[in-house]
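S.K.: sequence first, then the predicted structure:
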2 protein chains.
Amino acid sequence: MPSSALAVLAGSLPQLALSTDPGDLEHYGRDWTRRWTPAPLAIARPADIGEVQAIVRWALAERVALVPSGGRTGLSGGAVAAHGELVVSFERMNRVLDFDPADRTLTVQPGLPLERLQQAAAGHGLLYPVDFAARGSCTIGGNIATNAGGIRVIRYGNTREWIAGVKVVTGTGELLDLNRGLIKNSSGYDLRHLMIGSEGTLGLVVEARVRLTDPPPASSVMLLALPAMDALMQVFDVCRRRLALGAFEFFTDRALHHVLAHGAQRPFEETAPFYVVAEFDAADEAQQAAALAVFEQCLEHGWVTDGAISQSAAQAAALWRLREGITESLAAHRPYKNDIAVRIGAIPAFMHQMQAIFAREYPAFDVVWFGHIGDGNLHINVLKPADLADAAFIEQCEHVTRLLSETLQACGGSISAEHGIGLVKKKYLAGTRSPAEIEVMRGIKRVLDPAGLLNPGKVFDTP
Amino acid sequence: MPSSALAVLAGSLPQLALSTDPGDLEHYGRDWTRRWTPAPLAIARPADIGEVQAIVRWALAERVALVPSGGRTGLSGGAVAAHGELVVSFERMNRVLDFDPADRTLTVQPGLPLERLQQAAAGHGLLYPVDFAARGSCTIGGNIATNAGGIRVIRYGNTREWIAGVKVVTGTGELLDLNRGLIKNSSGYDLRHLMIGSEGTLGLVVEARVRLTDPPPASSVMLLALPAMDALMQVFDVCRRRLALGAFEFFTDRALHHVLAHGAQRPFEETAPFYVVAEFDAADEAQQAAALAVFEQCLEHGWVTDGAISQSAAQAAALWRLREGITESLAAHRPYKNDIAVRIGAIPAFMHQMQAIFAREYPAFDVVWFGHIGDGNLHINVLKPADLADAAFIEQCEHVTRLLSETLQACGGSISAEHGIGLVKKKYLAGTRSPAEIEVMRGIKRVLDPAGLLNPGKVFDTP
């Protein structure tokens, strides 16, 4: 049936870019996770919304599942096609369609890479503020599908906050034009927000209108060395009160170790167990003086043991590299990743519990953590020892994830802060969402995708 | 059946505050609209979440519809109970439950008036920034149900942006604890945002965790007189570029006329057809000088003919009163209200079309408009001539609303920016939302309220 179905598609949409080349199947069939073997039916690369709708109607008639595909930089398997699905790649729908100066919005196609969106905004003297390390490869469609966060959430929020409108094609082939750029719109349910973060399971994002803002004032970056985990929240509290924060990130000595091994410059003579990178507005002398005062206050209380404040853009970039280079520096070690969130107030207790779990369960593993303290978001990367088999390694990590999930459930946290659930965290969803919530989600899925064709098996299983 | 059903409720929940007093039925059975005759079955005033759940389970068993009730300041009939519904008033659930200093959130019950929420935030040195004239009477539960906007949206967004978590009881009596204060949470569909703005048709808001922020810097208020409608967008553009705007409101000479008749002080000797009230950060001399420069630039271009900048808090309050006093000054005239939104870029063309419709269809009516230009939100108040019968007046206004709705549909606008759809705008929903969207909304309603008990007939009819 699949190959005859494909013939039907090719016949009804002769102009559609369609590939069954084995290299393409492998390339488009997976994301940055490596646990699944890609096995899509074929790769379709539609050129416009009409082709997307035609693909969905074909899928409905032929009962073929669809996997939407952006930059495939996801870390949860949300873009994996391992069961004969048709991959719908948006890479040909990658243009900026319009800039509206009065509304300060860009209308874009889903396959536009984040970095090109940022550049288009800058070209109009404005800022698209969502930002993270995968900016060059990830696409705005994927960002919307996972409600991507990143390093500026503390000031600007997640992707959700910047989507003024979104067009989606549902599982019945309907095109919904949601919110259309309005700032105020109390006219029925906000389906735009329902789509954002739904990981392609409710609709395919085919266009978005993103809001832009003023560029931020001049900023500086401060790197602080902390003697103990407990100092983190105290340093955060002081920084938040006295500085205009644009970012507040932390990482551990293990993270620093890997970044340095990857070529970054050692910031301080002595190592410390924890580090903070804080970016703050430094447009005038008062703001610069405040940063110095914050540093001195922290030093006085013993919350930091060393520090540096950037005096140039180059220095700021060097300090940022210590944080932003972590993920890349770990890639060769095939890390198992957790991406969890708790309320800020719950961080100290949670981190102690987490540390106890790691000490007990991972005595021999290299565990690297870092994250966005100002958003309550911690990233944990467990590195695979070279002599351990993949399966045994993942089994041990999954065991710890179960323990983490229970700890998160007890404190109201989330098993995925910004990567999404996809395939990787599906079995832990019930620790974050109640059975009643999951039932509601299943019900909503049935409304928007009654045949269960859109990214099936992602987020939750549909019976 | 109804009265026996009530006996069942009273019997199973003997401690529940329940009233069938005719004065209560009248008082709690309606909102600020006056088109419907209240006719609820009874008024329940639960004291906690458990009682709300028990009420829903009873309603399910007895097939009694429920109308949630906050401050009943709504202008769309969303809280009207005219068909034997049980009104569920949250006025006994009106407390602040918790303040979390690390997360900077207040956890509150739904019946808490907005003004008391603002005061509680101020008591902790923080700001809850959503604000509008009904602050003393409206409640946070109602604000969430309509995604209330108001006068600071240009800087702070709508209610939606400030809800870090919400507990709702669905139409099956399930308690959903949605998002729980997390900043990042990409773990399945964001049902919190689905609930916000759903006007009590998907769930009853029984608790909310609201986010607070830093108090704004010192500000001043500028009143500008404009010679023509076309100058509005030019003034807005200059103000937005050069000032840090906290509000940008406009009103017409007819609005000023009524506010002055209601006791406000005339600002300028000469009247102008349009006025703008702009609030801007004025923490230092540079910001104050920028405001003066903006005024001079506008004067030079002929976009304004007169202006005043507040030099004290009292002067700022007096200027604000010219805008904030409008609704109250019109109340005695029983105005018919439109509350529409378009994209900012669509304002000029839309306002011309709207003006043409008014000139043609309302030759003899006093039409007062004002609104939030920075949000694309216009409020139109049509005053009933004393000698015209209610029915004839409303018929003529509804005719114009149909024309407005068609114009809005053509330009992608919304029939309700911030009041909600309720009963009043239900027949125009199809001008703002497509048939496919409305079908999806109906499907979602069936998932969360399969028996159709929650605020039935509001937003849309359920077959």
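M.R.: Thanks, I have it.
S.K.: and the residue in the stretch 251-400 of chain A that chain B sits nearest to, what does it touch?
M.R.: Closest to chain B within the stretch 251-400 of chain A is A:G345: 3.7 Å, counting by Cβ to the nearest Cβ. C-beta coordinates here come from the backbone N, C-alpha and C atoms, glycine included. By Cβ atoms under 8 Å, 6 or more residues apart in numbering or on different chains, the contact list for A:G345 reads B:D100, B:P101, B:A102, B:D103.
S.K.: mind doing that once more with 10 Å?
M.R.: A:G345 makes contacts with A:M233, A:G376, A:C411, B:D100, B:P101, B:A102, B:D103, B:R104, B:T105, B:G181, as judged by Cβ atoms under 10 Å, 6 or more residues apart in numbering or on different chains.
S.K.: just the ones of these in strands?
M.R.: B:D100, B:T105 (DSSP state E).
S.K.: which parts of the stretch 101-250 of chain A are helices?
M.R.: Residue ranges of the helices in the stretch 101-250 of chain A, as given by DSSP state H, counting those that start in this stretch, are A:114-123, A:140-146, A:153-156, A:191-195, A:231-242.
S.K.: thought A:Q265 was touching A:A308?
M.R.: No - assessed by Cβ atoms under 10 Å, A:Q265 is found out of contact with A:A308, at 11.1 Å.
S.K.: domain assignment for chain A?
M.R.: Following automatic domain parsing, one finds the domains of chain A at A:2-91, A:96-211, A:219-327, A:334-436.
S.K.: please work out which of the ones you listed is packed deepest.
M.R.: Mean neighbour counts were compared across the domains of chain A using mean count of other Cβ atoms under 10 Å in any protein chain shown; the top stretch is domain A:96-211, at a mean of 23.
S.K.: endpoint to endpoint, that one covers what distance?
M.R.: Across domain A:96-211, the terminal residues are separated by 13 Å (Cα to Cα, to the nearest Å).
S.K.: run the chain-centre distance for it.
M.R.: The chain centroid and the centroid of domain A:96-211 are separated by 14 Å, computed with Cα atoms, centre = their mean, to the nearest Å.
S.K.: show the model's pLDDT score for the nearest residue to A:G345 once chain neighbours are set aside.
M.R.: Ranked by Cβ to Cβ, 6 or more residues apart in numbering or on different chains and with sequence neighbours excluded, the top spatial neighbour of A:G345 is B:A102, at 3.7 Å. pLDDT, B:A102: 94.
S.K.: A:P2 now?
M.R.: If you check A:P2, the pLDDT there is 56.
S.K.: and if you look at A:R334?
M.R.: 86.
S.K.: how close does it sit to A:A389?
M.R.: According to Cβ to Cβ, to the nearest Å, A:R334 stands 12 Å off from A:A389.
S.K.: repeat that for A:R104.
M.R.: When A:R104 is compared with A:A389 (using Cβ to Cβ), they lie 53 Å apart.
S.K.: what helices and strands are in contact with the helix or strand bottoming out on mean pLDDT in chain A?
M.R.: For chain A, using mean pLDDT, DSSP states H and E, the weakest element among its helices and strands is helix A:2-12, scoring a mean of 90. Where contact means 3 or more Cβ pairs under 10 Å, 6 or more residues apart in numbering or on different chains; DSSP states H and E, helix A:2-12 is packed against strand A:17-19, strand A:42-45, helix A:49-62, strand A:86-89.
S.K.: residues touching A:V52, list them.
M.R.: A:44, A:46, A:66, A:68, A:88, A:90, A:93, A:110, A:167-169, A:173, A:175, A:204-207.
S.K.: so which of these belong to strands?
M.R.: A:A44, A:L66, A:P68, A:V88, A:K167, A:V168, A:V169, A:L175, A:L204, A:V205, A:V206, A:E207.
S.K.: kindly state the beta-bridge partners for the last one.
M.R.: Note on A:E207: beta-bridge partners by DSSP bridges are A:K167.
S.K.: just checking, it touches A:T107?
M.R.: Yes - here A:E207 reaches A:T107: they are 6.7 Å apart, a contact under Cβ under 10 Å.
S.K.: any shared contact partners between those two?
M.R.: With Cβ under 10 Å, 6+ apart, A:E207 and A:T107 have common neighbours A:L97, A:G165, A:K167.
S.K.: closest one of those residues to B:H124?
M.R.: A:G165 (35.7 Å; Cβ to Cβ).
S.K.: give me the spatial nearest neighbour of the closest one, chain neighbours excluded.
M.R.: Per Cβ to Cβ, 6+ apart, closest to A:G165 is A:R209, 3.8 Å.
S.K.: test my guess that the one you found contacts A:N179.
M.R.: Yes - contact criterion Cβ under 10 Å: A:R209 and A:N179 qualify, at 8.2 Å.
S.K.: shared neighbours of these two, which are they?
M.R.: Common neighbours of A:R209 and A:N179 (Cβ under 10 Å, 6+ apart) are A:I163, A:A164, A:G165, A:V166, A:K167, A:R192.
S.K.: adding distance to A:E439 and pLDDT, write those out as TSV.
M.R.: Formatted as TSV, the shared contacts of A:R209 and A:N179 follow (distance: Cβ to Cβ, whole Å; pLDDT from 0 to 100):
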residue	distance to A:E439	pLDDT
A:I163	27	98
A:A164	31	98
A:G165	30	98
A:V166	26	98
A:K167	29	98
A:R192	23	98
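S.K.: show me the two of the residues you listed that sit farthest apart.
M.R.: It's A:A164 and A:K167 that sit farthest apart of those, by Cβ to Cβ, at 11.9 Å.
S.K.: okay, and the common contacts of these two?
M.R.: A:T107, A:N179, A:R180, A:R192, A:A208, A:R209.
S.K.: wait, the third one touches B:E437, no?
M.R.: No - the criterion here is Cβ under 10 Å, and A:R180 misses it with B:E437 at 11.1 Å.
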